[in-house]
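[1] What would the 3D arrangement of this be:
(chains A, B, C and D)
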There are 2 protein chains.
Amino acid sequence: MAKRPPITNRVRELRERDGLSQAALGQAIGVTRQTVIAIEQGRYSPSLESAFRISRVFHAGIEDVFGWEEE
Amino acid sequence: MAKRPPITNRVRELRERDGLSQAALGQAIGVTRQTVIAIEQGRYSPSLESAFRISRVFHAGIEDVFGWEEE
DNA sequence: TTTGACTGTCAAATATTTTTTACAAGAATT
DNA sequence: AATTCTTGTAAAAAATATTTGACAGTCAAA
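    Numbering: from 1, shown residues only, chains lettered A, B, ... in the order given. The predicted structure is shown next:
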């Protein structure tokens, strides 16, 4: 990836709110721990599929978890 | 891609509602015509970034355009 | 009947996301 | 002190998304 995507997310905040480890969240949505780390750190934006799974774990909508920074 | 993703979308419907060609939509969101075709046909799900851009073109939220099929 | 705009397909190449494996360090517990 | 859980890093490989270029069919308009 060239640059950080114009997408923000509250994954870490919500994950800690629910007392989940990165590994546990990864398992819940079907990705590895490293993927969770990369998403939390904003190193890349997840697939739409991962984004849906993540938001559903938190019983939220995608746009409650992920934000769009206008360019 | 192995299988179709569990994601539905109303891109074609909204695009036609707004009288946009596939090429015009692609240009508006910064992807090629072939990418728009593939998304409309559900051959693969877009990146979260493309999904945001698409929904904003239609002045809608992501979940107004893309649907999640529970598995 | 030809031209242009639109949609579709296909294959190969490139870019990005995700996995796998391994190693390291801090905090809490035993 | 040793163990366990958690987070972090890194690099290579694999999977998936996207691009590029080319060719083809339909339809409406000129």
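[2] For DNA strand D, tell me whether stretch A:50-65 is touching it.
    No. Stretch A:50-65 is not in contact with DNA strand D by CB under 7 Å from any atom of the strand; minimum separation 9.6 Å. For glycine as for every other residue, the C-beta is placed from the backbone atoms N, C-alpha and C.
[3] what does that stretch contact?
    A:9-11, A:14, A:18, A:25, A:28-31, A:35, A:39, A:45-46, A:66, B:7, B:48, B:51, B:61-63, B:66, B:68 (CB atoms under 8 Å, 6 or more residues apart in numbering or on different chains).
[4] if we go to 7 Å?
    Contacts with stretch A:50-65, where a contact means CB atoms under 7 Å, 6 or more residues apart in numbering or on different chains, come from A:9-11, A:14, A:18, A:25, A:28-31, A:66, B:7, B:48, B:61-63, B:68.
[5] Who are the packing partners of the helix or strand hosting A:Val36?
    Following DSSP states H and E, one finds A:Val36 within helix A:33-40. Judged by 3 or more CB pairs under 7 Å, 6 or more residues apart in numbering or on different chains; DSSP states H and E, helix A:33-40 is in contact with helix A:11-17, helix A:22-29.
[6] can we see that at 8 Å?
    helix A:11-17, helix A:22-29, helix A:48-57 (3 or more CB pairs under 8 Å, 6 or more residues apart in numbering or on different chains; DSSP states H and E).
[7] what's the burial count for A:Ser21?
    When counting by other CB atoms under 10 Å in any protein chain shown, one arrives at 12 neighbours for A:Ser21.
[8] er, A:Glu13 I mean
    12.
[9] do the same with A:Ile39
    Other residues close to A:Ile39 by other CB under 10 Å number 26.
[10] so the helix holding A:Val36 versus helix B:48-57, what angle?
    40 degrees (axes from the mean of the first three to the mean of the last three CA atoms, to 10 degrees).
[11] ok, and for helix A:33-40, which residues are buried?
    A:Thr35, A:Val36, A:Ala38, A:Ile39, A:Glu40 (16 or more other CB atoms under 10 Å in any protein chain shown).
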